[in-house]
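Peer 1: Here you go, sequence then predicted model.
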Amino acid sequence: MRSRHIRMLLLAVASLFVAVGCGADATPTETLAGSATPPATSATVAPRIEPTASTSPEPVPEASEPIELTDPPASEPPASDEPSDERTTTAADNCSGTEENREFYVAVAEAVEWTLYCPVLPSGWFVDSGEYRLAGGGRMEIAYRGPAGSRLEVHEGAFCSAGSSCVPEGSDSGPAPLGPIEGSLVATDEGGWAVAVDAGDPISWLVVGSGLTGEAFTELTAGFVAVDD
């Protein structure tokens, strides 16, 4: 009888453990923020590119000693026993001004397709300013100042937009020379003079003078020479 009661007691205890176990499995779990084991995420991690030998920078060489210039090797002697001091002359040698001024004319003449002219002026004339541009066919403009405040401005090439003459306002005074070519003489309203060749064309020539008589001006324009290219 006593053993029966013991078996019944053991069965009751076993049933109690089974009920407790089933209740524990049914309870939901939740991970709190800041817990030691956060849930896994699905964030994508960008791949990391490791440097390779081909992408590593080349080492910077150490600075070398400065190179000292040595005398150039002696050139071969000329074929002739007699040294030649002759220099080829060009029309640009007649252009007034310094050697740099003449080189200026040569550079323009070599760069453009139209004929360039330069003045051959008496003493007392100096280059005041000058420039040339190659865009649109090329143009050259240079100014000279002379005795007693006289001035000469030379414009050649595509210095004036097509259809315009760029000749100062004034009265027509007949033909006048511009070196080997002939132009039109204009007595400007400002008291000066101008000689224009092919005014209004894409390429033209214009010389404007001030502080000069008409005779002195045309004498200067007649002295212009073509620059060899």
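Peer 2: Here it is on my side, so go on. Nothing here was measured: the structure is a model prediction, and the numbers come from that model. Numbers count the residues shown, from 1 in each chain.
Peer 1: tell me the average confidence for stretch 210-219?
Peer 2: For stretch 210-219, mean pLDDT is 97.
Peer 1: Start and end of it, how far apart?
Peer 2: One end of stretch 210-219 to the other measures 14 Å (CA to CA, to the nearest Å).
Peer 1: What are the buried residues along it?
Peer 2: Ser210, Gly211, Leu212, Phe217, Thr218 (16 or more other CB atoms under 10 Å). (Each C-beta comes from the backbone N, C-alpha and C, glycine too.)
Peer 1: Show me the strands in the chain, by range?
Peer 2: Ranges of strands within the chain are 117-118, 126-133, 139-145, 151-157, 170-178, 181-188, 193-197, 204-210, 225-226, based on DSSP state E.
Peer 1: Wait, Phe169 touches Ala187, no?
Peer 2: Quick fix: residue 169 is Glu, not Phe. No. Using CB atoms under 8 Å, Glu169 is not in contact with Ala187; the gap is 10.3 Å.
Peer 1: Out of the strands of the chain, flag the one nearest Ala111.
Peer 2: strand 126-133 (7.6 Å; CB to CB).
Peer 1: For the closest one, buried residues please.
Peer 2: Of all the residues in strand 126-133, those buried under the rule 16+ other CB under 10 Å are Val127, Gly130, Tyr132.
Peer 1: partners of it, with directions?
Peer 2: Strand 126-133 has its sheet partners listed here by DSSP bridges as strand 139-145 (antiparallel).
Peer 1: Residues contacting the strand it pairs with, please?
Peer 2: 96, 104, 108, 112, 116, 119, 121, 125-133, 151-159 (CB atoms under 8 Å, 6 or more residues apart in numbering).
Peer 1: Run the angle between that strand and strand 151-157 for me.
Peer 2: Put simply, strand 139-145 runs at 170 degrees to strand 151-157, going by axes from the mean of the first three to the mean of the last three CA atoms, to 10 degrees.
Peer 1: CA-only coordinates of strand 139-145 in PDB, if you can.
Peer 2: Taking Å, rounded to 0.1, in the frame of the first residue of the first chain, the C-alpha atoms of strand 139-145 are listed here in PDB:
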ATOM      1  CA  ARG A 139      47.400  90.900 -89.000                       C
ATOM      2  CA  MET A 140      50.300  93.200 -88.100                       C
ATOM      3  CA  GLU A 141      50.100  96.600 -86.500                       C
ATOM      4  CA  ILE A 142      53.100  98.700 -85.600                       C
ATOM      5  CA  ALA A 143      53.500 102.400 -84.700                       C
ATOM      6  CA  TYR A 144      56.500 104.800 -85.000                       C
ATOM      7  CA  ARG A 145      57.100 108.100 -83.400                       C
END
